[in-house]
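In: what's the 3D shape of this:
(chains A and B)
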Amino acid sequence: MKKGIKYAILLLIIVFLGYNSVEISKLSNLKASVKVFDAKAFAKDMLTKKLPREAGKVIEYDELIKQLKAAPAEAFAKKGRALTLGSIRFFMVKGIAEITAIDENEVQILTEGNNQPSIAIEYVFGNNLRDASGLIDLSDFDNTGDLNNVSSEINKIVRTEVVPPFRSSAKVGYKVEFLGAIELNEAHLNLNNIEIMPASLKILP
Amino acid sequence: MKRLSILILFLLFFISCDKNPKTGGRQKIAIIVSTLNNPWFVFLAQTASKQAESLGYEAKIFDSQNNTAIETDNFENAIAAGYSAILLNPTDANGSIVNVNKAKASGVPVFCMDREVNSSSGPTSQILSDSYSGSVNLGKYFVKQTNKKGKYVEILGLVSDNNTWNRSKGFHSVVDYYPGLEMVAQQSADFDRNKGLEVMESILHAHPDIVGVFCGNDAMAMGAYQALVAAGKADKVKVIGFDGAEDAIQGVRDGKILATAMQFPKVIAETAAKYANEYLKGKRDFPKKIQVDVEMVHIKNIADYTAYGKKTKL
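Out: Now for the predicted structure:
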């Protein structure tokens, strides 16, 4: 009898410990609790809300070129932005220009200050807009994959929402108002053949 | 007299058991690299070692031979030998975390170089190449050079390394937009030149009509190029590498390699050594992650570059 009580108590203890050491929950609940970074929403918010709010502070394209020619180191330090160590820097620029040529990859423009950059309409890739915006803090991102996805999603929006209406209505001789980002390498500065990655494009009447 | 001798012996014993032994008064920094079987990593390790020594430390390079178990041994040896800091080029983004954490628990800070570990709390700081952006530029160039059409293959690096996937994703983030470009094979060659050659040889048997090959590093690109030469297809297939290693830069110059992405191992290694020095002098506030530029090198701008860097000062 005594032996029976002993075994019963032992069994109770095992069941009690076993029950409390295992927790069963639905896999879907666990998946829902893992916070997934929404790069698409982040990019949309940045491109359509935050960036337009900053547009007033963005330097005119012609003024930036003037500063880069006069004192490049100072212009890079004051206006250039990057999330990386090195000599590549990105600049947000804006302006009004006349369309002088159009091909499948880019639109050539002539600014009021007689500069001739191009606007990318085919190869909209890279970090130009993400990094030039100054709206990203690297330490906010746990992994570089999320950071890269932000660029990817920004570019996707530009390719699907900004470029198509512009491409269909742009004609040589028309005026365009642009806001975009350019990439320059301070170690090998080349102010010819500058390409603007557009954030917004508006054909002016 | 006997008592005094014993006392002196005890004193000598305790002095020799100093937790952080210094060689000739100098602290020691360990440089643990994934492999020394690749000139790029040799350059990274030697630059880190040179920089650490110039900052007044004794430096020693440990080769993990692309093996996490050997890396573990290297960490244990470095910790036991009283190294004050570790500059790490990890073998595995996940597998190396345990080693980093072990060092951290022993009070030894770890600074990752070029390759990332998937932990924001383990390493004191990670100095990484912006592999994704470099590959985006390579992808754009590849699309333009192939006129947006043709079959191509991709030779991946170590599948356990984040750089492998950052490079692959960057390239595909561009190329996949063009339906005329079809990837007919994707295989790993572990960042190894000989494996790159073997993989390319076997792929060419099945797909002799490819127009390009994107390789996750220069060593594999050079191996792939050798296979193409042997198959008589070197002038028909565009080879792309990644790193900016000496033979690949020469390959771009000679028209053998279409393009590569220049990483800056000198900047990475020197920054890691500088951070370790600052840590050992008391600084504790470091960026958890910092990325270093990667620049595309091709025939039009080859004059600006040399192996592992730029011709002018960065």
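In: do you know the pLDDT at residue B:26?
Out: We note a pLDDT of 86 for residue B:26 in this prediction.
In: list the contacts for whichever residue of chain B sits closest to chain A?
Out: Evaluated by Cβ to the nearest Cβ, chain B has residue B:293 as its residue closest to chain A, separated by 2.8 Å. Placement of C-beta: from N, CA and C, glycine included. By Cβ atoms under 8 Å, 6 or more residues apart in numbering or on different chains, residue B:293 lies in contact with A:82, A:84, A:85, A:86, A:87, A:88, B:130, B:264.
In: equivalent analysis for residue A:138, please.
Out: A:83, A:147, B:287, B:289, B:290, B:291.
In: count the neighbours of the first one for me.
Out: When you say that, I think you mean residue A:83. 20 (other Cβ atoms under 10 Å in any protein chain shown).
In: residues contacting it?
Out: A:127, A:131, A:136, A:138, A:147, B:291.
In: ok, the fourth one next?
Out: Neighbour list for residue B:289: A:138, A:139, A:144, B:116, B:120, B:125, B:126, B:128 [criterion: Cβ under 8 Å, 6+ apart].
In: please apply the same query to the last one.
Out: Taking Cβ under 8 Å, 6+ apart as the criterion, residue B:291 is in contact with A:83, A:84, A:85, A:138, A:144, B:128, B:129, B:130.
In: swap in 10 Å and give it another go.
Out: Taking Cβ atoms under 10 Å, 6 or more residues apart in numbering or on different chains as the criterion, residue B:291 is in contact with A:82-86, A:138, A:144, A:147, B:116, B:126-133, B:268.
In: then the fifth one?
Out: Residues near residue B:290 by Cβ under 10 Å, 6+ apart: A:83-85, A:138-139, B:125-128, B:130, B:268, B:271-272, B:275.
In: helices - which of those residues land there?
Out: B:268, B:271, B:272, B:275 (DSSP state H).
In: which one of those sits in the busiest neighbourhood?
Out: Counting by other Cβ under 10 Å, top hit in those: residue B:272 with 32 neighbours.
In: quick check: it touching residue B:114?
Out: Yes. The pair residue B:272 / residue B:114 is scored as a contact, 9.1 Å apart, by Cβ atoms under 10 Å.
In: what's the local residue count around residue A:40?
Out: 15.
In: so how far is residue B:67 from the nearest residue to residue A:134 once chain neighbours are set aside?
Out: The spatially closest residue to residue A:134, leaving aside those adjacent along the chain, is residue A:81, at 5.0 Å (Cβ to Cβ, 6 or more residues apart in numbering or on different chains). Residue A:81 sits 41 Å away from residue B:67, going by Cβ to Cβ, to the nearest Å.
In: need the contact list for the residue nearest to residue B:137 when sequence neighbours are not counted.
Out: Spatial nearest neighbour of residue B:137, excluding adjacent residues (Cβ to Cβ, 6+ apart): residue B:296 at 4.2 Å. Shown in contact with residue B:296 (Cβ under 10 Å, 6+ apart): B:133-138, B:140-141, B:240, B:242, B:244, B:259-262, B:305.
In: just confirm residue A:173 is within a strand.
Out: No. Going by DSSP: H, G, I helix; E, B strand; the rest coil, the assignment for residue A:173 is coil, not a strand.
In: got the phi/psi numbers for it?
Out: phi 100, psi -20 (degrees, to the nearest 10).
In: so it touches residue A:97, yeah?
Out: No. At 11.7 Å, residue A:173 and residue A:97 do not qualify as touching, with contact defined as Cβ under 10 Å.
In: quick one: which of these two has more around it?
Out: residue A:97 (25 against 7).
In: relative to chain B, how far out is the more buried one?
Out: Separation of residue A:97 from chain B (Cβ to the nearest Cβ, to the nearest Å) stands at 24 Å.
In: which SS class is that residue?
Out: Going by three-state DSSP: residue A:97 is strand.
In: leaving out chain neighbours, which residue sits closest to it?
Out: Per Cβ to Cβ, 6+ apart, closest to residue A:97 is residue A:109, 3.8 Å.
In: tell me the confidence at the one you found?
Out: 98.
In: same question for the one 10 residues further on.
Out: You'll see residue A:119 listed with a pLDDT of 98.
In: contacting residues for it?
Out: A:97, A:99, A:102, A:106-109, A:163, A:166, A:170, A:176, A:178, A:180, A:195-198, A:201.
In: list the contacts for the residue most central in space within chain B?
Out: Chain B has residue B:114 as the residue nearest its centroid, 4.8 Å off, counting by Cα atoms, centre = their mean. Shown in contact with residue B:114 (Cβ under 10 Å, 6+ apart): B:33-34, B:40-41, B:44, B:88-90, B:126-129, B:131, B:161, B:163, B:243, B:263-265, B:268-269, B:272, B:292.
In: ok, back up a step: can you turn the buried subset of the contacts of residue B:289 into a selection I can paste into PyMOL?
Out: The PyMOL selection below is limited to those of the contacts of residue B:289 classed as buried (16 or more other Cβ atoms under 10 Å in any protein chain shown):
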select buried, (chain A and resi 144) or (chain B and resi 116+125+126+128)
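In: near chain B, which residues of chain A?
Out: A:82-89, A:105, A:120, A:122-127, A:130-131, A:138-139, A:141-145, A:147-149, A:151-152, A:155-156, A:159, A:183, A:185-188, A:190 (Cβ under 10 Å from any Cβ of the partner chain).
In: I'd like the contacts of residue A:138 as TSV, with secondary structure and pLDDT appended.
Out: TSV is the format used below for these (DSSP: H, G, I helix; E, B strand; the rest coil; pLDDT from 0 to 100):
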residue	secondary structure	pLDDT
A:83	coil	91
A:147	helix	87
B:287	coil	91
B:289	strand	88
B:290	strand	91
B:291	strand	91
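In: can you report how many residues neighbour the residue in chain A that chain B sits nearest to?
Out: In chain A, no residue comes nearer to chain B than residue A:86, which is 2.8 Å away by Cβ to the nearest Cβ. Residue A:86: 20 surrounding residues under other Cβ under 10 Å.
In: for it, which non-adjacent residue is closest in space?
Out: Nearest non-adjacent residue to residue A:86 (Cβ to Cβ, 6+ apart): residue B:293, at 2.8 Å.
In: quick one: pLDDT of the one you found?
Out: pLDDT at residue B:293 comes out at 94.
In: cool, residue B:20 as well?
Out: 46.
In: check whether the most centrally placed residue in chain A sits in a helix, strand or coil.
Out: Residue closest to the mean C-alpha point of chain A, counted by Cα atoms, centre = their mean, is residue A:130 at 2.8 Å. The three-state assignment at residue A:130 reads helix, by three-state DSSP.
In: from what I see, it and residue A:157 are in contact.
Out: No. Taking contacts as Cβ under 10 Å, residue A:130 lies outside contact range of residue A:157: 11.7 Å.
In: mutual contacts of the two, please.
Out: By Cβ under 10 Å, 6+ apart, the residues touching both residue A:130 and residue A:157 are A:43, A:46, A:47.
In: ok, which stretches of chain A are strands?
Out: A:59-60, A:84-85, A:88-102, A:106-111, A:118-120, A:175-185, A:195-204 (DSSP state E).
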